[in-house]
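Chemist: only the shape, not the letters, is given here:
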């Protein structure tokens, strides 16, 4: 009997291994898969079991291990609990909020990822409330902290978050507001600085303009060239706006003269290349005709009001092809002269001739200047001081436009 006892024990162990271990192994695999474990591996040596695999989260891992522990008569030792949770990261964009979820190993990588994404997309709120950490989580093979934009976990998310460049600038009487997304912080700085040069008393508000290297490159994002246009376009009175997106088509709105329009288009050409410009301008004869133009004269306000009323609708009409002031118009000027003389040497006056938009440009400029000079000479003969009086030719305005003069062969007097 003593001799047969070891033999019987060996036979029993052999039968257990042959008959029961395959069944227990299969049952363990089924339980691991049911708990969500990927790539499960089960090893059984007599009554000791070791399990390996990847659980989707710590809760699934604990569920899987609890299920294995209940599988009698096997014993799961702590060193044999080789089910891990691999680090994971998903993102959902909800308006301006980017919600992150997943699992990281314990450490500072959650804050690192938040900071990285905030730098790349400063226009978004990064919500990491559902991105949690646990000791049982480990990094995937080939991934080491700190994570970067090229890391396998982050790159798919970052690629979907790339946004096209766009720029919007709107000028009001009290502020110049910038918004959009630019690929270069240097460009943003140059635009803000250019606008600050011409803003005067207006506030330059760049709070809604973001700059990030994560923004897709754009042909219009040329710092010095774009800043030169912006400086010129917003140096004149508001309201006006400039908008451009990744298609490269600039949209301009505001009040302008023909000369200003030509200058702005010339400044835009090296910025946008051959892109067609959508210019929606209200054309006026001069800067002094802008609705928001602020009079620069040093006269007292009550004197200015009196002069503006006297000059309202006052024009000197000329015969076609002539720069001679007709007798009737001379009488009108002689009647106005005492009012201008009473204003004193502080009077700032512009004598502007309206050219005929249908005539040859060079000829109209020549005769227009001669008409303005003739009016200036007549007023000087009447005793009006010429120290701060300018004789100019206004830009032509198409007939029928709201700001077109009643007669293109006329001279208008405006307080500077």
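Modeler: Great, that's in hand. None of these values were measured; they are calculated from a predicted model.
Chemist: ok, the longest strand along the chain: who's next to it in the sheet?
Modeler: In the chain, with assignment by DSSP state E, the single longest strand is strand 75-86. Strand 75-86 sits in its sheet next to strand 48-55 (parallel), strand 137-138 (parallel), going by DSSP bridges.
Chemist: what sits up against that strand?
Modeler: 32, 37, 40, 47-58, 60-61, 64-65, 68-69, 103, 134, 136-140 (CB atoms under 8 Å, 6 or more residues apart in numbering). All C-beta atoms are positioned from the backbone trio N, CA, C, and that covers glycine.
Chemist: stretch 137-155 now?
Modeler: So stretch 137-155 is contacted by 58, 84-89, 103-107, 109, 112-113, 116, 120, 158, 214 (CB under 8 Å, 6+ apart).
Chemist: before we move on, back to that, which of the contacts of strand 75-86 count as buried?
Modeler: Buried by 16 or more other CB atoms under 10 Å: 32, 37, 40, 49-58, 60-61, 64-65, 68, 103, 136-139, out of the contacts of strand 75-86.
Chemist: on that earlier part again, okay if I get the strands paired with strand 75-86 as CSV plus distance to residue 321 and mean pLDDT?
Modeler: Output for the strands paired with strand 75-86, formatted as CSV (distance: least, CB to CB, whole Å; pLDDT from 0 to 100):
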stretch, distance to residue 321, mean pLDDT
strand 48-55, 93, 92
strand 137-138, 90, 93
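Chemist: and the ones you listed: which comes nearest residue 200?
Modeler: Taking CB to CB as the criterion, strand 137-138 is the member of the strands paired with strand 75-86 that comes nearest to residue 200, at 57.6 Å.
Chemist: tally up the residues packed near residue 43, please.
Modeler: 13 (other CB atoms under 10 Å).
Chemist: avg pLDDT for whichever strand or helix holds it?
Modeler: Here residue 43, judged by DSSP states H and E, is contained in strand 38-45. In this model, strand 38-45 has an average pLDDT of 90.
Chemist: in helices, which of the contacts of stretch 137-155 appear?
Modeler: 58, 109, 112, 113, 116, 120, 158 (DSSP state H).
Chemist: report pLDDT for the spatially closest residue to the last one that is not a sequence neighbour.
Modeler: The reference is to residue 158. Using CB to CB, 6 or more residues apart in numbering and skipping the chain neighbours, the partner closest in space to residue 158 is residue 149 (5.4 Å). Looking at residue 149, its pLDDT reads 84.
Chemist: gap between residue 149 and residue 140?
Modeler: For residue 149, the distance to residue 140 (CB to CB, to the nearest Å) stands at 17 Å.
Chemist: what of residue 93?
Modeler: From residue 93 across to residue 140, the span is 24 Å (CB to CB).
Chemist: repeat that for residue 209.
Modeler: Computed as CB to CB, the residue 209 to residue 140 distance reads 38 Å.
Chemist: can you check residue 68 too?
Modeler: 24 Å.
Chemist: ok, residue 108 next?
Modeler: For residue 108, the distance to residue 140 equals 18 Å [CB to CB].
Chemist: the closest residue to residue 283 other than its chain neighbours: how many residues sit nearby?
Modeler: Excluding the flanking residues, the one nearest residue 283 by CB to CB, 6+ apart is residue 397, at 5.1 Å. By other CB under 10 Å, 23 other residues sit near residue 397.
Chemist: and what of the one 3 residues further on?
Modeler: Taking other CB under 10 Å as the criterion, the count of residues near residue 400 is 6.
Chemist: can you check residue 22 too?
Modeler: Residue 22: 11 neighbours (other CB under 10 Å).
Chemist: model confidence for it, exactly?
Modeler: 83.
Chemist: buried sites along whatever helix or strand it lives in?
Modeler: Using DSSP H and E, residue 22 falls within helix 21-34. Judged by neighbour count (16+ other CB under 10 Å), helix 21-34 contains these buried residues: 21, 24, 28, 29, 31, 32.
Chemist: what of stretch 221-232?
Modeler: 221, 222, 223, 225, 226, 227, 228, 229, 230, 231, 232.
Chemist: remind me what the strand holding residue 43 packs against, helices and strands.
Modeler: For strand 38-45, the elements it packs on are helix 21-34, strand 48-55, judged by 3 or more CB pairs under 8 Å, 6 or more residues apart in numbering; DSSP states H and E.
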